[in-house]
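>>> output the structure for:
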Amino acid sequence: MSLITKQDRISVRQFAAVPSLVGLPEITRSARSLSTSIELEEGCMVTKLVKYTHRVVYFVKNACDGDPGDVENIIKDLAIVPFTNFTLDKPCNLAFLESYIHTSLDVYAFIAITPSLSTLDNLIQMVKSDNDYRQSEMDEIGRLYPRKLDFTAPCYVDPEYELVALHPEHFLPNGSSLLVCDPVTQGHKLYVVAQDRCLRESTDPNSNPFPPFHHRAKARGRDLHPNVFLVALNAEMKFRRYLKMVRANAPPAPLPDHVLALMHRTIELVDLLYWWPISTKGSSGSEEQRMDKDKDSQIPPDSWARSRLKRHELRPTSIWPEDMDLEARKARGMALMSGHDPAFYDSDDAYGMMDDTDNPLTSWK
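This is a model prediction of the structure:
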């Protein structure tokens, strides 16, 4: 916004104060400096370069106008952060990215950041084990136990990530390159789009690919580093929409198999996070069996409703309606966090939901 001075000259707002960074001196100005709950010294999550022009990425954000409470409540209900006072501006939901990488990820979805295959395998096993326990408790006693994940596991404390180029030619057009710094050696490497549509050190499909990486933020506490589940949620929304798009309009050349494997494993992890136990029909914890037990115990009919109410009191408080299924929960979460694009979704699939044939959770159930 332009300002007009007393002399009728066009001016602008005061420029921001510049803090000291990597040995550079502070530039003091009357305006306040820009502030965030994470430190610029962390550098870009992807390139490891440290610059003043980096932008903060929110892995989970409120796509709708107004109070972000609905999105924050979804994260709390999924129980994927190790504390209860989660808000969108907590450090575990934030990281710095170079400006063009931020735009490529957050605006155009040319790229995504997701856990590596080895990290995904370990996270999936962790969540599956927890889901199995919660299902067994539901079947045995009809009780819905809250999720309890192992926040001390290496796959959570120090996860490995991969940069996935969904539209590599758009991300690095006309021979552009991605400059990456090695924070240990302080050396630099360039990556380009190779003939196999991967990011590599040269266009040769046999050259070294862009490697998996860690994001070690020394200034953060253990629970304040980027939360790997929030990173996966961000990636899953991009992957689901990409797969929906290419089913309707296939690209001239498909993405490599290992990239597609990363996408499907990420979707599988998020499906497991949204999963909700329902008592198996005929199990001792099912509604039918519990009602039969009440009848056999000579509980008067007018007490059945009170007995059922007490059982529901065993359930932890949840934002999800009891009859909302997996796909509906995922659709609501996706709509709140990223909205939906009517150009890609028809009226019967308003939030880009998968068919059962495409759902990796179907075989697990």
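>>> for the strand or helix carrying residue 77, buried residues please.
Taking DSSP states H and E as the definition, one finds residue 77 inside helix 69-78. Judged by neighbour count (16 or more other Cβ atoms under 10 Å), helix 69-78 contains these buried residues: 70-72, 74-78. Every residue, glycine included, has its C-beta placed from N, CA and C.
>>> now render those as JSON lines, adding pLDDT and distance to residue 125.
Output for the buried residues of helix 69-78, formatted as JSON lines (pLDDT from 0 to 100; distance: Cβ to Cβ, whole Å):
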{"residue": "70", "pLDDT": "88", "distance to residue 125": "30"}
{"residue": "71", "pLDDT": "91", "distance to residue 125": "27"}
{"residue": "72", "pLDDT": "93", "distance to residue 125": "28"}
{"residue": "74", "pLDDT": "92", "distance to residue 125": "24"}
{"residue": "75", "pLDDT": "94", "distance to residue 125": "22"}
{"residue": "76", "pLDDT": "93", "distance to residue 125": "24"}
{"residue": "77", "pLDDT": "92", "distance to residue 125": "22"}
{"residue": "78", "pLDDT": "94", "distance to residue 125": "18"}
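>>> please put the alpha-carbon coordinates of the helix holding residue 77 into CSV.
Coordinates of each C-alpha in helix 69-78 appear next as CSV, following Å, rounded to 0.1, in the frame of the first residue of the first chain:
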residue,chain,number,x,y,z
GLY,A,69,-10.5,-24.1,15.9
ASP,A,70,-12.2,-26.8,13.8
VAL,A,71,-8.8,-27.7,12.1
GLU,A,72,-7.0,-27.6,15.5
ASN,A,73,-9.7,-29.9,17.0
ILE,A,74,-9.2,-32.4,14.2
ILE,A,75,-5.5,-32.6,15.0
LYS,A,76,-6.2,-33.0,18.7
ASP,A,77,-8.8,-35.7,18.0
LEU,A,78,-6.4,-37.6,15.8
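>>> for that helix, name the packing helices and strands.
helix 326-338 (3 or more Cβ pairs under 8 Å, 6 or more residues apart in numbering; DSSP states H and E).
>>> quick check: closest non-adjacent residue to residue 153.
residue 126 (6.2 Å; Cβ to Cβ, 6 or more residues apart in numbering).
>>> please list all residues in contact with that neighbour.
The contact partners of residue 126, by Cβ atoms under 8 Å, 6 or more residues apart in numbering, come to 149-150, 153, 155-156.
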